[in-house]
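K.L.:
Everything below, folded, please.
(one chain, ligands or ions: 1)
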Amino acid sequence: MVAAHTIVTIVGSLRKESFSLKIAHALAELAPEELQLDVMTLHDISFFNQDLEAAPPADWLAFRDRLHKSSGVLFVTPEYNRSIPGVLKNAIDVGSRPYGKSSFNGKPTGIIANSPGPLGGVNAAKHLQNILPGISGPIMQQPEIYLAGVGDAFDEKGELIKEALQQVLKQYIDAFAAFVEKHNK
Ligand code: FNR
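P.N.:
Residues are numbered from 1 along each chain as shown. You can find the predicted model right below:
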């Protein structure tokens, strides 16, 4: 079966060995067949600058187009200094413009925060829940997911080896698939 829904899966870390990136790839594998996760990092999104809005750079337009064509958006992010990383905020600013025409608009949205530490990036997730509502679609509220202790969840090949985490991710992505379906009718 061809996947019915493409989900732009935005990774909030640029790090090569990023746990967030590995979690995004694990989710792509665990996703039910009707969901295709288009995992993207933010290396190519240039700085938002309001002066450029009249003639936006090609990378902004490509990012907005990718969002427009999607059936939903999934954020997989670490927490930096009790908030979201700057690169993620920059991408959200780029996607939110032009004013009133956010490319996130109407897209069912999921938020997955994580940390090798004990708090699971909960503050990053909460900050996303604060800033997205004016520019996004519906945000899935349950199950909530703040992944703590992800530092030993992957082997040297990047494969997910922590069974408890795999179960949580599977539950989440199945719930998100149903949420996306509901909001794409
Ligand atoms: C961190 N880290 C971190 N962790 C956390 O749980 N809460 C926090 O507020 C912060 N703050 C923070 C700031 C900065 C600038 C860095 C570089 C790191 C640790 C962070 O969770 C850890 O480095 C993760 O491995 C980063 O995510 P990725 O790159 O593995 O996806």
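
K.L.:
Next, Ala113: secondary structure please.
P.N.:
Following DSSP: H, G, I helix; E, B strand; the rest coil, Ala113 is assigned to strand.

K.L.:
Could you pull up the residues touching the closest residue to it other than its chain neighbours?
P.N.:
Nearest in space to Ala113, with sequence neighbours left out and distances taken as CB to CB, 6 or more residues apart in numbering, is Gly121 at 3.2 Å. Every C-beta, even on glycine, is put in place using the N, C-alpha and C of the backbone. Gly121 makes contact with 77-79, 113-115, 146-147 under the criterion CB atoms under 8 Å, 6 or more residues apart in numbering.

K.L.:
can you rerun that using 10 Å?
P.N.:
By CB atoms under 10 Å, 6 or more residues apart in numbering, the contact set of Gly121 is 12, 19-20, 76-80, 82-84, 111-115, 127-128, 145-148, 150.

K.L.:
Report the buried members of these.
P.N.:
12, 19-20, 76-80, 83-84, 111-115, 127-128, 145-148, 150 (16 or more other CB atoms under 10 Å).

K.L.:
Pick out the residue nearest the middle of this protein.
P.N.:
Phe75 (1.5 Å; CA atoms, centre = their mean).

K.L.:
Just the element for it, please.
P.N.:
strand 72-78 (DSSP states H and E).

K.L.:
Quickly run through the sheet partners of that strand, with directions.
P.N.:
Looking at strand 72-78 with DSSP bridges, its partner strands are strand 5-11 (parallel), strand 109-114 (parallel).

K.L.:
Quick one: name the residues of the chain near the ligand.
P.N.:
Taking CB under 6 Å from any ligand atom as the criterion, the chain approaches the ligand at residues 13, 15, 18-20, 78-82, 115-117, 119, 121.

K.L.:
Mark which of these are part of helices, please.
P.N.:
In this view, the residues of the chain next to the ligand that belong to helices under DSSP state H are 19-20.

K.L.:
and which of the residues of the chain next to the ligand is nearest Lys185?
P.N.:
Nearest to Lys185 out of those is Ser20 (CB to CB; 30.4 Å).

K.L.:
Excluding sequence neighbours, find me the nearest residue to Leu160.
P.N.:
Using CB to CB, 6+ apart, the nearest residue to Leu160 is Ala26, at 4.4 Å.

K.L.:
Quick check: that neighbour touching Asp155?
P.N.:
No. Applying CB atoms under 10 Å as the test, Ala26 and Asp155 come out as separate, 11.7 Å apart.

K.L.:
Overlap in contacts, those two.
P.N.:
With CB under 10 Å, 6+ apart as the test, Ala26 and Asp155 both reach Lys162.
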